[in-house]
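K.L.:
Build me a structure from this.
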Amino acid sequence: MIYTITLNPAFDQTINCENFTLNSLNRIKDVRVDIGGKGINVSKVLQVLEQESLSCGFLGEENANEFISNLNQLGLLNDFLILKNQKTRTNIKIIDPLNNHLTEINESGFQISLNDIKNLAKKLSPIINKHDFIVFSGSLPLGADPSLYTYLITQIKTKTDNIILDISGESLKQCLTYNPLMIKPNLVELEELFSTQFDSEDKILNACKDLLQQGVQNILLSLGEHGSYFFNINESFYIKPISTTINSPVGAGDSQVAAFVYGLANDLPLLETLRLTSAVSTSMISMAGTSVPSLEMIKSFLLKVKINRINLKYK
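P.N.:
Down below sits the predicted model:
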């Protein structure tokens, strides 16, 4: 089983507004609302790939029924802990398709405590086995201690070593000591991790090499419209971007995580897995909001993926 853990989910309200301008009257072309949160986005893409997963984490009591109803309508298996007297946040995404701009306005989310994390660990630990994959995705609510992630991972690691991290900041930094199976930073998150800006490809490669030497097993580094890198201790690749019309970049990174863990769970060859990450993320940005593409669309982009090997020495 693949478990996706979302500690701070959201209703994603996506607003399509051409030529969006600050300090001015803007007219909305259309609006859609999807259930979101990075782990939930991963589960939605896994479903398209016909891979079962279980979405877990927290929901606020005030609108939990609406959220769970949406999960059930999508056919997503779910088992969330409900936080009393709390409300699941709403995130606003303003898409300007004419200028290819994205403006995000995110609520901070509900409050969670160490006791809440302990309750989640107690819920998950009895059902996880060593063959399962656990995907930790997204932010903690504003003000939550980064060590909450490390506590949860410490408990899960007693059951399985298949830990995949799509988190950032201090939370990611603390969790690197647990030798995750895979991390998926973007360039900004990688720079944040090393407290520097990378002005050359060599510096990016050296930073990723350092992470591998620290014990990270696989790195999928997203460069947005410039493609992505993949690194492990044995081989490295640059995955070229595929040309397409961008309708919404939201969820592209989550779809890469979904494709990668799908490849791991199904023992796909590495290059086949990387091709899938590119095809899925390209399909995702072609969709509106955080809606997911069809399997047919993903297959059509698979034919366009180009990957170059990188000669990176680790010793």
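
K.L.:
what about the residue nearest to the spatial centre of the chain, helix or strand, and which?
P.N.:
With distances taken as Cα atoms, centre = their mean, Asp254 lies nearest the centre of the chain, 3.2 Å away. Assigned by DSSP states H and E, Asp254 falls within helix 252-265.

K.L.:
now for that helix, which elements pack on it?
P.N.:
strand 2-6, helix 38-48, strand 133-137, strand 163-166, strand 182-183, strand 218-222, helix 270-285 (3 or more Cβ pairs under 8 Å, 6 or more residues apart in numbering; DSSP states H and E). Just so you know, the C-beta spots here come from the backbone N, C-alpha and C atoms, and that holds for glycine as well.

K.L.:
Ok, which of the ones you listed comes nearest Gln197?
P.N.:
For the helices and strands packed on helix 252-265, proximity to Gln197 was assessed by Cβ to Cβ; strand 218-222 is nearest, at 14.9 Å.

K.L.:
can you pull out the strands in the protein?
P.N.:
For the chain, strands defined by DSSP state E occupy the ranges 2-6, 10-16, 30-36, 53-60, 77-83, 89-96, 101-106, 133-137, 163-166, 182-183, 218-222, 228-232, 236-239, 307-310.

K.L.:
For Leu295, find the nearest of the ones you listed.
P.N.:
strand 53-60 (15.8 Å).

K.L.:
Show me what that closest one is in contact with.
P.N.:
Contact with strand 53-60 is made by 1-9, 37, 39-40, 42-43, 46-47, 67-68, 71, 76-83, 86-89, 110, 112, 116, 120, 123-124, as judged by Cβ atoms under 8 Å, 6 or more residues apart in numbering.

K.L.:
can you check stretch 258-275 too?
P.N.:
2, 41-46, 49, 51, 133, 135, 162, 164, 181-182, 184, 218, 220, 230, 235, 237, 239, 276-277, 279-281, 302, 305, 307.

K.L.:
Flag every buried residue along it.
P.N.:
Buried residues in stretch 258-275, defined by neighbour count with 16 or more other Cβ atoms under 10 Å: 258-265, 268, 270-271, 273-275.

K.L.:
Same check on stretch 71-83?
P.N.:
Under the neighbour-count criterion of 16+ other Cβ under 10 Å, stretch 71-83 has 71, 74, 76-78, 80-81, 83 buried.

K.L.:
Widest-spaced pair of the residues you listed?
P.N.:
Leu74 and Leu83 (21.9 Å).

K.L.:
thinking again about what came up before, in JSON lines, list the helices and strands packed on helix 252-265 along with mean pLDDT and distance to Asp210.
P.N.:
Shown next, in JSON lines, are the helices and strands packed on helix 252-265 (pLDDT from 0 to 100; distance: least, Cβ to Cβ, whole Å):
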{"stretch": "strand 2-6", "mean pLDDT": "97", "distance to Asp210": "27"}
{"stretch": "helix 38-48", "mean pLDDT": "95", "distance to Asp210": "25"}
{"stretch": "strand 133-137", "mean pLDDT": "97", "distance to Asp210": "22"}
{"stretch": "strand 163-166", "mean pLDDT": "96", "distance to Asp210": "16"}
{"stretch": "strand 182-183", "mean pLDDT": "98", "distance to Asp210": "13"}
{"stretch": "strand 218-222", "mean pLDDT": "96", "distance to Asp210": "10"}
{"stretch": "helix 270-285", "mean pLDDT": "94", "distance to Asp210": "21"}
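
K.L.:
out of those, which comes closest to Ile94?
P.N.:
That would be, of the helices and strands packed on helix 252-265 and by Cβ to Cβ, helix 270-285, which comes in at 15.9 Å.

K.L.:
what's the offset of stretch 41-58 from the middle of its chain?
P.N.:
11 Å (Cα atoms, centre = their mean, to the nearest Å).
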